[in-house]
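In: Using only what follows, build the 3D model:
(one chain, ligands or ions: 2)
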Amino acid sequence: MRREEAPECLSCGACCFGGIERYVPVSGADHARLGDAAEALTVFIENRCFMRMEDGHCAALQLEPGGRFVCAVYERRPSVCRELARGGPACEAERALKRERARAALLPLLTETPFSDRTSR
Ligand code: SF4
Ligand code: SF4
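Out: Ligands and ions are numbered 1, 2, ... in the order given. The predicted model follows:
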């Protein structure tokens with residue numbers, strides 16, 4: 001798939017989902033780049049560092065009620081995230097495997113009734 005045919009990452013989020021703790025490796029340089037966000041967002045397992053996983057996705061991924069997947073540390077994200085080219089073979093494989101999982105995670109936010117609609121007048 002060509003890059004222009006791939007969805008925008010903000011509407012996809014598939015590659016930020018993973019079912020294992022050791023999903024996103026964080027190198028020493030990645031850790032330094034994360035700066036003050038590293039303590040909250042990374043975890044050491046044995047002597048290796050990884051992005052912390054939460055609810056089946058990287059803890060840096062924010063699911064926005066409007067239906068967007070936002071990386072809270074996009075400019076400082078680890079190398080493995082930078083290397084996954086949107087529209088490339090790895091992106092395609094991630095989307096085939098996990099796009100539905102990402103969509104399902106957004107569903108509760110999309111169907112949530114706005115507070116103003118809940119109050120009867
Ligand atoms: S799987 Fe591809 S399109 Fe989806 S968020 Fe990752 S890089 Fe972007
Ligand atoms: S650091 Fe950002 S781009 Fe990388 S897996 Fe986490 S949320 Fe996704």
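In: contacts, neighbours, all on C-alpha from now
Out: OK.
In: Please report phi then psi for residue 44.
Out: phi -100, psi 130 (degrees, to the nearest 10).
In: what about it, distance to ligand 1?
Out: 24 Å (Cα to the nearest ligand atom, to the nearest Å).
In: helix or strand for the nearest residue to that residue once chain neighbours are set aside, which one?
Out: Once flanking residues are discounted, residue 44 sits nearest to residue 50: 6.3 Å by Cα to Cα, 6 or more residues apart in numbering. Element membership of residue 50, judged by DSSP states H and E, is strand 48-51.
In: Tell me which residues are up against that strand.
Out: 21-27, 41-44, 58-60 (Cα atoms under 8 Å, 6 or more residues apart in numbering).
In: can you list contacts of stretch 17-36?
Out: Stretch 17-36 has contacts (Cα under 8 Å, 6+ apart) with 38, 42, 45, 48-53, 56-58, 73, 76-81, 98, 101-102.
In: ok, of those residues, which come out buried?
Out: Using 16 or more other Cα atoms under 10 Å as the burial test, the contacts of stretch 17-36 include 38, 42, 49-53, 57-58, 76-78, 98, 101-102 as buried.
In: In the protein, mark out all the strands, start to finish.
Out: Assigned by DSSP state E, the strands in the chain fall at 42-45, 48-51, 53-54, 57-58, 61-64, 68-71.
In: Mind putting those into JSON lines with distance to ligand 2 and mean pLDDT?
Out: Shown next, in JSON lines, are the strands of the chain (distance: least, Cα to the nearest ligand atom, whole Å; pLDDT from 0 to 100):
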{"stretch": "strand 42-45", "distance to ligand 2": "10", "mean pLDDT": "98"}
{"stretch": "strand 48-51", "distance to ligand 2": "7", "mean pLDDT": "98"}
{"stretch": "strand 53-54", "distance to ligand 2": "9", "mean pLDDT": "98"}
{"stretch": "strand 57-58", "distance to ligand 2": "5", "mean pLDDT": "98"}
{"stretch": "strand 61-64", "distance to ligand 2": "4", "mean pLDDT": "96"}
{"stretch": "strand 68-71", "distance to ligand 2": "4", "mean pLDDT": "96"}
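In: I'd like those written out as TSV, with distance to residue 85 added.
Out: Output for those, formatted as TSV (distance: least, Cα to Cα, whole Å):
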stretch	distance to residue 85
strand 42-45	23
strand 48-51	19
strand 53-54	22
strand 57-58	18
strand 61-64	18
strand 68-71	15
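In: Fine by me, thanks again.
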